[in-house]
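Colleague: Below are the sequence and a predicted model; questions follow.
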Amino acid sequence: MTKRFLMYISENYSFEILRPVQNVMRDRGYQVAWFVEGDHVNLDYFSEGEKQLVDIQSVVAFQPDAVFVPGNVVPDFIPGLKVQVFHGFEWKKKGHFRIRGMFDLYCTQGPLFTKKFNELAQPHRHFQVIETGWPKMDVLFNTKPYDWAERDERPTILFAPTFSPALTSAPALFKQIKSLSQSGQWQWLIKFHPKMDPQWQQQYKELQNENLKVIETQEVAGLLHCADVLLSDTSSIITEFTLLNKPVVTFANMMPESHLLDFSSPDLLESKLSEALAPGPDLLSKIKDAVKELHPYSDGDSASRVLDAALSCIEAGGSHLKRKPYNLIRNLKLRKKLGYWRL
């Protein structure tokens, strides 16, 4: 019988992560369906031909062989192997390495993550860890750079701050970015996280001029390709940009790694960006080493590896693993949220 797979999503960014996996599944002749938990997903983002299951009863009736999840939780009453594919790289933020007892398989992005989850697997023994690379990155190496009418030969700075109020650099760097954009020495693109405070999004939009443009798109790969330097703070996009072997400047990063040009005084912004635009061999070497640890795959085949990992776990069965914890409170909350009380 043809295998059936479910994409379980709750945020718009999940499409970029799971569509490469869906493409591989379709190429191999498998059935694929999607289910949206909550009201954060814009249903207009579904493409023609993508099958959406509109209620949880339909999901259970679909009887998936595996459920692929970029979020943190998934109901245990949905049949099938539960596969964690992660929603980002930001391992510095709280909760990235938290084991919630809901997944059978963790598909990790690179050695840094694989090592940590293998350590966590030893005491728990109810899940497997397979390094696959991150499917969202499959398109990163094959995407054309973003282009715009005013683009010229000047270097391009991409500012992409996190939305977290405690970590975002948007307020602290506003004055400096305004001044630098008006000087005209560089071109600026700004990409906000969908959850960014609307007040700050509006203030930056009011800065727009021939040197600064705020971009609203769900496709970030092209933006990463067209920029010479990324300016951020503590965000998953830092790793995505680093995989292109280009310099990143961070403001007050939580745990600044050696390949980042981190600073904590806004007045240093211009000098840090100048340094990043002329990187020395030592910085480039550190960036290369970081890529090996974070995501060493540039072949665009991570989605295939994710599917192969799930298929191997399905074939092996789970008899060699301990039973997952009951997770009574989490599962009761999900049942209440989804309105499903059947056993």
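Modeller: The structure has been received and is ready for your questions.
Colleague: quick one, strands of the stretch 101-250 of the chain?
Modeller: Secondary structure of the stretch 101-250 of the chain (DSSP state E, counting those that start in this stretch): strands at 105-108, 128-131, 156-159, 187-191, 212-215, 229-232, 248-251.
Colleague: now those strands as CSV including distance to F46?
Modeller: In short, each C-beta sits where N, CA and C put it, glycine included. Output for the strands of the stretch 101-250 of the chain, formatted as CSV (distance: least, Cβ to Cβ, whole Å):
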stretch, distance to F46
strand 105-108, 23
strand 128-131, 29
strand 156-159, 28
strand 187-191, 23
strand 212-215, 23
strand 229-232, 30
strand 248-251, 33
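Colleague: Which stretch among the ones you listed approaches S14 most closely?
Modeller: Checking the strands of the stretch 101-250 of the chain against S14 by Cβ to Cβ gives strand 105-108 as the closest, at 14.5 Å.
Colleague: can you give me the helices for the stretch 1-150 of the chain?
Modeller: Remark: helices assigned in the stretch 1-150 of the chain by DSSP state H, counting those that start in this stretch are 14-27, 56-62, 111-124.
Colleague: which one of those helices lies closest to K336?
Modeller: Nearest of those (Cβ to Cβ): helix 56-62, 11.6 Å.
Colleague: buried residues in that closest one?
Modeller: I56, V59, V60, F62 (16 or more other Cβ atoms under 10 Å).
Colleague: Apart from its neighbours in sequence, what residue is nearest the residue nearest the centre of the chain?
Modeller: Residue closest to the mean C-alpha point of the chain, counted by Cα atoms, centre = their mean, is G88 at 2.9 Å. Leaving out its chain neighbours, the residue that sits closest to G88 by Cβ to Cβ, 6 or more residues apart in numbering is S236, at 3.3 Å.
Colleague: In contact with that neighbour, which residues are there?
Modeller: H87, G88, F89, E90 (Cβ atoms under 8 Å, 6 or more residues apart in numbering).
Colleague: Tell me where the stretch 151-300 of the chain has helices.
Modeller: Counting by DSSP H, counting those that start in this stretch, the helices of the stretch 151-300 of the chain are 170-183, 198-205, 221-226, 237-242, 269-277, 281-294.
Colleague: Out of these, the one nearest K51 is which?
Modeller: K51 sits nearest to helix 221-226 of all the helices of the stretch 151-300 of the chain, at 25.2 Å, using Cβ to Cβ.
Colleague: How about the contacts made by the nearest residue to Q84 once chain neighbours are set aside?
Modeller: Using Cβ to Cβ, 6+ apart and skipping residues adjacent in sequence, the residue nearest Q84 is F103, 4.2 Å away. F103 is in contact with V69, V74, K82, V83, Q84, F127, counting by Cβ under 8 Å, 6+ apart.
Colleague: which one among the residues you listed gets closest to A310?
Modeller: Nearest to A310 among those, with distances taken as Cβ to Cβ, is V83, at 5.3 Å.
Colleague: give me the number of residues near that closest one?
Modeller: 27 (other Cβ atoms under 10 Å).
Colleague: Look up phi and psi at W341.
Modeller: phi -120, psi 10 (degrees, to the nearest 10).
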